[in-house]
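Trainee: here is a sequence together with a model predicted from it:
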Amino acid sequence: MLNYPGYTVSGHVYTSTNGGGIWAGGFGDFDDLESVQALAIVPRTDPWTPATLYAGTYGATGVFSAVFKSTDAGVGWNATGLTGVRVYALAIDPLIPTTLYAGTESGGVFKSSDGGASWSATGLTGVGGVLTLAIDPLTPTTLYAGTGTSGVYKSTNGGVNWNPTGLITWSHISSVSLNPTSVVGGSSSTGTVTLSAAAPAGGAVVALGTDSNVAAVPASATVAAGATSATFTVSTNSLTACAASGATISATYGGVTRSATLTVTPATDTVAIQQADYFANRYELRVAAMSTGSSATLQVYVTSTGVLIGTLKHYDGNRYSGRFTWPVNPQTMTVRSSLCGAATKAVTAK
């Protein structure tokens, strides 16, 4: 009876004995966090002989990742000699089933010539992970490796050497940029989306988004047919706080998402202090200041402690003043504006 093993992300291998009509088991000595990414079955001529299988796992951070082996059709599993690496792909030599290959996240391609007991690295690192492996059934020393960022590689000597066959290209979002990258709240920035290749007939609709209510973007930007880029406007809101805020602007097309960060700063006024005098005999502090924002509220603080002394009165245009009873000379005082401006001045003893 033929078994059809299948694998899942929850750390289990299931089997079907009726061509996939019904699945059962959930076999596996795997942790639930060990995602079974790849499954390979050793060719056999006797359907009554229990199948030998290999499973490549991808564990969460701190979880065991390895190539596992089962010699009883998936009932029991044991780790092979390749452990501690996240495995994406497996391939078995159909003529010499004890020879197999494993594609990994960061270690490239590994090869075993003894049924998984020992492994050696064949290279192909720094390519964004080896996501898939294919072996030529007629010439098993010829292999193909699909990578995350560098296209397809080919080996004609059993993994000893790998040569690029060229990038797999498709039109997708290459970048999103902002100009300027920092604006005062209430102002706008111009965004540009750039594709990896010219947009097809009918144009390319790039989906846009933002993670903050400080900034707003249109739902999409359309790159005209034959063009590689398009612009859009990012509008911003005025900030109610005196701290800068960031917004991530994202663009998605062709299954790829790119993002850029826009910094939004508050609109601030300029504060200047004309008088900061302390009369010790009267315990009185006199302050005069100006603000470029005529609607601002100005408050006086002890610079060293941040203690509020009082609020200045707005009496003429952009001018403010105040007299405060204070027990000691604050030495240095800071005037802060509700419009986020500030100024500091040494206090003169009178």
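Mentor: Thanks, I have it. Numbering: from 1, shown residues only.

Trainee: how about low-confidence regions in this structure?
Mentor: Within the chain, the segments meeting pLDDT under 70 span 1-11, 24-34, 60-63, 167-169.

Trainee: now with 80?
Mentor: The model of the chain has pLDDT under 80 over residues 1-34, 45, 47, 59-64, 149, 166-170.

Trainee: how is it divided into domains?
Mentor: Domain segmentation of the chain under automatic domain parsing yields 4-166, 173-265, 271-349.

Trainee: ranges for the strands of the stretch 101-250 of the chain?
Mentor: Under the criterion DSSP state E, counting those that start in this stretch, the stretch 101-250 of the chain contains strands at 109-112, 120-123, 130-135, 143-147, 152-155, 163-166, 173-179, 182-184, 188-195, 204-210, 215-216, 220-223, 229-236, 245-253.

Trainee: Asn78: which of the ones you listed is closest?
Mentor: Across those, Asn78 has its closest neighbour in strand 109-112 (14.1 Å, C-beta to C-beta). Every residue, glycine included, has its C-beta placed from N, CA and C.

Trainee: test my guess that Pro50 contacts Asp72.
Mentor: Yes - the criterion here is C-beta atoms under 8 Å, and Pro50 meets it with Asp72 at 4.8 Å.

Trainee: any chance of the domains of the chain in a markdown table, with mean neighbour count too?
Mentor: Formatted as a markdown table, these follow (neighbours: other C-beta atoms under 10 Å):
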| stretch | mean neighbour count |
| --- | --- |
| domain 4-166 | 17 |
| domain 173-265 | 16 |
| domain 271-349 | 16 |
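
Trainee: any idea how far Trp170 is from the closest residue in space to Val217 that isn't next to it in sequence?
Mentor: Leaving out its chain neighbours, the residue that sits closest to Val217 by C-beta to C-beta, 6 or more residues apart in numbering is Leu208, at 4.5 Å. Using C-beta to C-beta, to the nearest Å, we find Leu208 at a distance of 20 Å from Trp170.

Trainee: could you do Val335 as well?
Mentor: For Val335, the distance to Trp170 (C-beta to C-beta) stands at 59 Å.

Trainee: ok, Ala272 next?
Mentor: Ala272 sits 59 Å away from Trp170, taking C-beta to C-beta as the criterion.

Trainee: check Ile96 too.
Mentor: According to C-beta to C-beta, Ile96 and Trp170 sit 36 Å apart.

Trainee: check Gly293 too.
Mentor: On the measure of C-beta to C-beta, Gly293 and Trp170 end up 52 Å apart.

Trainee: what sits against Lys69?
Mentor: By C-beta atoms under 8 Å, 6 or more residues apart in numbering, the contact set of Lys69 is 52-55, 77-80, 115-116.

Trainee: rerun at 10 Å
Mentor: Contact partners of Lys69, counting by C-beta atoms under 10 Å, 6 or more residues apart in numbering, are 40, 42, 52-55, 76-81, 100, 112, 115-117.

Trainee: what's the answer for Asn157, then?
Mentor: For Asn157, the contact set (C-beta under 10 Å, 6+ apart) comprises 122, 141-143.

Trainee: Tyr58 reaches Val85, doesn't it?
Mentor: Yes - with contact defined as C-beta atoms under 10 Å, Tyr58 and Val85 form a contacting pair (9.4 Å).

Trainee: name the residues contacting each of the two.
Mentor: Residues touching both Tyr58 and Val85 (C-beta under 10 Å, 6+ apart): 65-66, 104-105.

Trainee: now, among the residues you listed, which is nearest to Thr228?
Mentor: Nearest to Thr228, judged by C-beta to C-beta, of those is Glu105 at 31.6 Å.

Trainee: residues contacting the residue lying closest to that closest one once chain neighbours are set aside?
Mentor: Leaving out its chain neighbours, the residue that sits closest to Glu105 by C-beta to C-beta, 6+ apart is Arg86, at 4.0 Å. Arg86 makes contacts with 34-35, 37, 56-60, 63, 65-66, 104-107, 129, as judged by C-beta under 10 Å, 6+ apart.
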